[in-house]
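Requesting a structural model of the entry that follows:
(2 chains)
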There are 2 protein chains.
Amino acid sequence: MTLDESSSDARAAAAQVNPQRLLDAIQALASFGARDDGGVDRPALSGRDLQARRYLIERAIALGCTVTTDHCANLFIRRAGSEDLAPVMTGSHADTQPSGGKLDGCYGVLAGLECIEALNDAGIRTRRPLEVAVWTNEEGTRFQPGAMGSSAFVDPTLMDRYNTVADATGVTLAQALQQHAQTFPALARRNADQPANQPAHAFIELHIEQGPQLENANLPLGIVSGIQGVRWYSITCTGVAAHAGTTPMPVRRDAMTLAIDVRATIDTFAHTLGGDDTRVTFGRWSVAPNSINTIPSTVTFTVDFRHPDAAVLAAFDQQIAQCAQRDGVALQGLFSHAPVAFDNALLARLTEAAAALDTPTMTLTSGAFHDAMYLARHCPTAMLFVPSRDGISHNPLEHTDDDHLVLGTRALAHCLATLCNEP
Amino acid sequence: MTLDESSSDARAAAAQVNPQRLLDAIQALASFGARDDGGVDRPALSGRDLQARRYLIERAIALGCTVTTDHCANLFIRRAGSEDLAPVMTGSHADTQPSGGKLDGCYGVLAGLECIEALNDAGIRTRRPLEVAVWTNEEGTRFQPGAMGSSAFVDPTLMDRYNTVADATGVTLAQALQQHAQTFPALARRNADQPANQPAHAFIELHIEQGPQLENANLPLGIVSGIQGVRWYSITCTGVAAHAGTTPMPVRRDAMTLAIDVRATIDTFAHTLGGDDTRVTFGRWSVAPNSINTIPSTVTFTVDFRHPDAAVLAAFDQQIAQCAQRDGVALQGLFSHAPVAFDNALLARLTEAAAALDTPTMTLTSGAFHDAMYLARHCPTAMLFVPSRDGISHNPLEHTDDDHLVLGTRALAHCLATLCNEP
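I've put the predicted structure just below:
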């Protein structure tokens, strides 16, 4: 195959994307767990999720694909290639937040299926297989942590721990996986014990931004260069509870006054260290004794710091530890994840796809976690974003304009077709 | 009776106060509801409180006093006078906080009994009767609001509402009062329907300070010129919940950032308006959705502002209303009480008593509420404070040095003897 032929396939695939079919599929998948307010409530491996999976499997088979599963009930919808090469992978997740929208995760899965259908319609046979993955339990609201399916794909040893995790009603993941296997007895199960058994040429995840950057820049597509690293800390400030009426101001030791001061210090050095890329959030607060007429004695609050640069995260760790040397301040680390940098060659393919569609783009870093964060340890990986109205997500109000949904799918089809023809 | 005779009675009464008897009585009363940590847990009209009342009634009768009660189970322990004149009243309350100390309230009751005993020992017959009141449910932890007994003494119409109030287990005040009546069938019940039926020449309440001012000034006695007025407000600040990782800092509308700013504004004008007498406390906080990785959308916090000057309180009302005009800020008034100024003639009697005992004093305002706040509407009223170690109260660690407890009781005896000989 020549470069020209590959480029022609990519253009044809993008052109064959069918807007109405894509939008209909989004509505159809959203019917499984539909909420009265227009949102979706579909916990991972719930009865509603099994119905949704049945819909996806039946559609995949109708498109001539094979469907397999693995130790974490991930689904792999494969369109065959002409050569015995590692597949190009795309996809996302189909579970939702309890009051989630129709697009978070689902868009990436359905855009992947639409790309397969577009390749079929265009009569294209690619060299490599194309696989649409449906990763299990990305949201982490039924079973903690999130991204179980993609992380266990990359590191199978995690399953020993994941299998014992129970949901709020006491059902373990192992039991939910058994239920999934009984529901879909015809699905072949891949041997997922060794990641090397499942080589992938690339993984491209298409997702809604869940933030306002594309909308603010009035751009329809974002090339995602990586995922921010994160630090979660808890800070406890201690003062002395005393009577609101009898205690003169100068002798008070108000834990909230201290907490506000510590918050300001952290906020300042977070911005100094991280500049415009800084995301710092103080989201959870608890105050004791929390009484109108008693001076607060203890205030605990959380710090969520994110940045794409590992050096900045390390400097933040150092400064927050120093800040916690103050009298009455105690620090606890809750969670930490290094930044992820996506594959430069794949970013170039995405840029070429956008250029072929005459679409302006911006390069941005993902602030949210995605399955791609784990896949990046396994194979060359990148992500593509479409705008989220008002940056809203995890909410029934989640919305992306139809034009943007279609454009993102065309860019994905272009990129996947290109990658599938790579030697 | 000449002025010299009265002065001689006052000195004799003060001299006859018996330190060990007073301290033993404090220990004895603390045994009813004693906690393992040295504190006391004695809810109003509980079984433990009824036992404590039996102890007080039996001791009063042994001292030759008559004991009566009223519609709110207040106890009145009366030492007769030689003339048919309105009594001089003293006393406080005998209920405690769930983890209270031995002194809050109890000290004032037991010092009153010690004064009766000192007058007896000195062989003094005063012109006016002396009455030690034991006010019901001052703490307000079993039945809300607090100071039920003293407020219903001053305003009998309150009983209609108070009778229907239930404790945490569903027992109403009316039922608890019936239990009290059945426990003490021999107590005569006064007709409390008309406050004018129960004239009083004066009410003097001796209490621990529950704050650090006397200790900080290293002074053993405080002449209390009044009780601060108070305003309780709740402020709700509204922002927009959004993803901690995806939302750039400049577009965030963090409700906690707004709340901290509003708190600082209120703190500043509270101090500007009220100067050194200002007490301002932001004690109760609630944050929604209170999640590590979500920007706070709603923060509600309370404001407790106290000041002795009604004009300052009114100016505070005006400024906080103006502050609540800001976008995203809503204000709710929760409680309000005007400042109380005690009777100047009584303050002079207390100053004379301290001078007669060669005791230095300071004049201060009470930041806490007391039964005297309500009695001040009924008759000339004043209070006397002794120091609280570290300002601690409502806590088993509550402590006042024995010397100070004795000195306070001597000053009370001097003042009561003087007042009881007034025409």
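
contacts, neighbours, all on C-alpha from now
Noted.

Need the phi and psi values for the residue lying closest to residue A:67 once chain neighbours are set aside.
The shortest distance from residue A:67 to any non-neighbouring residue, by Cα to Cα, 6 or more residues apart in numbering or on different chains, is to residue A:77 (4.6 Å). In terms of degrees, to the nearest 10, the main-chain angles of residue A:77 are phi -100, psi 110.

Run a quick neighbour tally on residue A:77.
30 (other Cα atoms under 10 Å in any protein chain shown).

so what's it up against?
Residues in contact with residue A:77 (Cα atoms under 8 Å, 6 or more residues apart in numbering or on different chains) are A:57, A:60, A:65-68, A:131-133.

Filter those residues down to the ones in strands?
Among these, DSSP state E puts A:66-68, A:131-133 in strands.

quick one: residue A:15 from residue A:412, how far?
Using Cα to Cα, to the nearest Å, residue A:15 is found at 11 Å from residue A:412.

Would you state the helices of chain A in chain order?
Counting by DSSP state H, chain A has helices at residues A:3-16, A:19-30, A:47-62, A:106-121, A:148-154, A:159-162, A:173-183, A:213-217, A:255-274, A:310-323, A:344-356, A:371-375, A:402-420.

coming back round to it: okay, residue A:15 and residue A:412: which has more neighbours?
The residue with more neighbours, out of residue A:15 and residue A:412, is residue A:412; 31 against 17, by other Cα under 10 Å.

And the pLDDT at the residue nearest to residue A:67?
Listed pLDDT for residue A:77 reads 98.

Quick check: the gap between it and residue A:135.
Counting by Cα to Cα, the gap from residue A:77 to residue A:135 is 11 Å.

Same check on residue A:283?
For residue A:283 relative to residue A:135 (Cα to Cα), the value is 28 Å.

low-scoring stretches of the stretch 1-150 of chain A, by residue?
Scanning the stretch 1-150 of chain A with the threshold set as pLDDT under 70 gives A:1.

List, one by one, the residues from the stretch 301-423 of chain A near chain B.
Residues of the stretch 301-423 of chain A found near chain B (Cα under 8 Å from any Cα of the partner chain) are A:302-304, A:306, A:366-368, A:391-393.

again, only this time at 10 Å
Residues of the stretch 301-423 of chain A found near chain B (Cα under 10 Å from any Cα of the partner chain) are A:301-307, A:365-369, A:390-394.

Name the nearest residue to residue A:395, ignoring sequence neighbours.
Using Cα to Cα, 6+ apart and skipping the chain neighbours, the partner closest in space to residue A:395 is residue A:100 (4.6 Å).

Actually, residue A:7.
Of all residues not flanking residue A:7 in the chain, residue A:418 sits nearest, at 6.7 Å (Cα to Cα, 6+ apart).

burial measure for that neighbour, as a count.
With other Cα under 10 Å as criterion, residue A:418 counts 26.

Equivalent analysis for residue A:310, please.
Residue A:310: 17 surrounding residues under other Cα under 10 Å.

do residue A:3 as well
Here the number of neighbours of residue A:3 (other Cα under 10 Å) works out to 11.

Quick one: residues contacting it.
By Cα atoms under 10 Å, 6 or more residues apart in numbering or on different chains, the contact set of residue A:3 is A:9, A:418, A:421-422.

Generate CSV for the residues you listed, with distance to residue B:73 as supplementary columns.
Listed next are the contacts of residue A:3 as CSV, based on distance: Cα to Cα, whole Å:
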residue, distance to residue B:73
A:9, 93
A:418, 90
A:421, 93
A:422, 92
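
what residues are up against the residue positioned nearest the centre of chain A?
Closest residue to the average C-alpha location of chain A: residue A:370 at 2.2 Å, with Cα atoms, centre = their mean. Neighbouring residues of residue A:370 by Cα under 10 Å, 6+ apart: A:92-93, A:105, A:138-139, A:146-147, A:150, A:205, A:207, A:227, A:383.

repeat for residue A:251
Contact analysis of residue A:251 by Cα under 10 Å, 6+ apart lists B:212-213, B:216.

closest to residue A:341 among these?
residue B:212 (58.3 Å; Cα to Cα).

and that closest one, what does it touch?
The contact partners of residue B:212, by Cα under 10 Å, 6+ apart, come to A:246-248, A:251, B:218, B:387-392.

Report the buried members of those.
Buried by 16 or more other Cα atoms under 10 Å in any protein chain shown: A:246-248, B:387-392, out of the contacts of residue B:212.

looking at chain A, which residue ends up farthest from its center?
Within chain A, residue A:246 marks the point farthest from the mean C-alpha position, 52.2 Å out by Cα atoms, centre = their mean.
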